[in-house]
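Chemist: give the three-dimensional model of this entry:
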Amino acid sequence: MRVGLFVPCFVDAFRPRAARATVELLERLGVQVEFPAAQTCCGQPQFNAGLVEEARELAGRFCRVFEPYDAVVAPSGSCVAMVRHHYAALVGTTPVAARTFELCEFLVERLGVVDVGARLPGRAALHVGCHQRRELRAAGPAERLVDAVQDLERVRVASDEWCCGFGGTFSVKFPEISTEMGRRKLEPIRAAEVDWLVSTDVSCLLHLEGLLAREGRDRPRALHVAEVLAARGAAP
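Modeler: Reported below is the predicted structural model:
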């Protein structure tokens, strides 16, 4: 299977090691991964801001760039939800959108793999972003993969299904509300005294990590799910 790796803007700019972990993990499982250098933004920020023509141009480019691949994989439920659920309104029904997957759902639902041989000691809270949980309905694959990591205990908390408050342009337009939602999200996580805060989306992760840093906390440490699944015992 020939897979095109889509690296979202937040990953590229702020957490490139999540992209590297994605490649390492897929190649370990025997997947041929290619990174087409012509790729750009998926168009979600423009679409959410009402800039439809700009979003349409980016959607068309995405489909042209990734057309040659058997599947497109991204370490982001948010961007994948944009491609799968909103590209039809911009560029019509396209097979590229149908074969675009978030990393965890690709591993579980396309490759049929749950235990990827990862090992990471400690206790972790898992935040599955809203787009992945509610639009893709793909929280299950992420949960199953994290549950299968050796020596890692996934701790369920009351805020597991709550929004972190980031919401892309929402956090820019309504920063006070965004911040309070993030703090509310973190309260049960802090109380659980976990070692790791794991998320399927870098945007959510950066938001929560920033709130923890402003509180002067160095625990839990924030990790993208790809970093956890690529781990072999030592902290990434």
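
Chemist: for residue 197, what are phi and psi?
Modeler: Backbone geometry at residue 197, expressed as degrees, to the nearest 10, gives phi -110, psi 110.

Chemist: you'd agree it is up against residue 221?
Modeler: Yes: applying CB atoms under 8 Å as the test, residue 197 and residue 221 come out as touching, 7.1 Å apart. C-beta: built from backbone N, CA, C; applies to glycine.

Chemist: more crowded one of these two?
Modeler: Neighbour totals were compared for residue 197 and residue 221, and residue 197 leads with 22 against 17 (other CB atoms under 10 Å).

Chemist: distance of that one from residue 151?
Modeler: Distance of residue 197 to residue 151, computed by CB to CB, to the nearest Å: 17 Å.

Chemist: how is this protein divided into domains?
Modeler: Following the assignment in automatic domain parsing, the chain carries domains at 2-110, 119-230.

Chemist: mean confidence score for the shortest one?
Modeler: In this case it means domain 2-110. Taken as a whole, domain 2-110 carries a mean pLDDT of 97.

Chemist: just stretch 175-194 next, same as before
Modeler: Stretch 175-194 shows a mean pLDDT of 96.

Chemist: longest helix anywhere in the protein?
Modeler: Counting by DSSP state H, the longest helix found in the chain is helix 175-191.

Chemist: how far is that helix from where the chain is centred?
Modeler: Taking CA atoms, centre = their mean, to the nearest Å, one finds the center of helix 175-191 at 19 Å from the center of the full chain.

Chemist: packing partners for that helix?
Modeler: On a contact count with 3 or more CB pairs under 8 Å, 6 or more residues apart in numbering; DSSP states H and E, helix 175-191 meets helix 169-173, helix 202-214.

Chemist: mind checking those helices for the one nearest to residue 132?
Modeler: helix 202-214 (9.6 Å; CB to CB).
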